[in-house]
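Enquirer: need coordinates for the following:
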Amino acid sequence: MKFFNPKRIIIMIGFAVILLLALFSVKGKQSTEMPDQSTLSDNALAICGEKPNCVSSFQDNKDSHYIEPQLVETFNTELINKTVLDLNCTPVQSEPNYLYFKCISHVFQFVDDLELLYNEDQSTIYFRSSSRVGHSDLGANRSRVEKIRATLK
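Expert: Okay, here's the model as predicted:
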């Protein structure tokens with residue numbers, strides 16, 4: 001009996017794919033069960049941890065987690081709400097200068113938290129978008145914020 005039997009290899013790869021899909025499903029379910037939690041504190045949003053699944057405008061601008069804030073004339077919540085709804089996000093909390101959304105991925109239902117903080121004196125919107133679970137987000141949080149920034153230009 002050969003150890004490297006092609007049929008055996010295909011079965012092993014299929015089993016590995018099934019395990020990986022099951023793991024993603026469990027992690028997606030885990031993220032939906034976590035409570036919504038704003039990071040707003042002292043008129044600032046939290047910085048990101050070590051994992052690459054987060055971006056924040058409050059990071060050092062040389063850090064890989066840094067996302068540029070957006071200069072705007074007004075804090076157009078109607079435009080922002082429409083944009084994030086198109087990105088499969090739902091509102092969680094709304095204050096005059098702060099918006100918090102829960103964004104859900106289409107396939108495994110992973111939940112990301114998206115926050116926007118408007119500084120009226122600087123006419124600037126600051127962003128934070130972070131995955132609740134996992135290590136990598138394959139750039140989903142950065143892409144989401146860049147789409148919002150493009151809409152606001």
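
Enquirer: where along the protein do the helices fall?
Expert: Using DSSP state H, the helices of the chain run over residues 6-33, 77-86, 140-152.

Enquirer: same list (those) but as a markdown table, adding mean pLDDT and mean neighbour count.
Expert: Where you see a C-beta, it was placed from the backbone N, CA and C, and this is true even at glycine. Output for the helices of the chain, formatted as a markdown table (pLDDT from 0 to 100; neighbours: other Cβ atoms under 10 Å):
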| stretch | mean pLDDT | mean neighbour count |
| --- | --- | --- |
| helix 6-33 | 74 | 12 |
| helix 77-86 | 92 | 15 |
| helix 140-152 | 95 | 18 |
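
Enquirer: so can I have JSON lines of these showing distance to residue 47?
Expert: Below are those laid out as JSON lines (distance: least, Cβ to Cβ, whole Å):
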{"stretch": "helix 6-33", "distance to residue 47": "21"}
{"stretch": "helix 77-86", "distance to residue 47": "22"}
{"stretch": "helix 140-152", "distance to residue 47": "14"}
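
Enquirer: to residue 116, which of the ones you listed lies closest?
Expert: Counting by Cβ to Cβ, residue 116 lies closest to helix 77-86 out of the helices of the chain; the figure is 6.5 Å.

Enquirer: just checking, what packs against the closest one?
Expert: On a contact count with 3 or more Cβ pairs under 8 Å, 6 or more residues apart in numbering; DSSP states H and E, helix 77-86 meets strand 98-104, helix 140-152.

Enquirer: which among the helices of the chain is found nearest to residue 59?
Expert: When these are compared by Cβ to Cβ, helix 140-152 sits nearest residue 59, at 11.8 Å.
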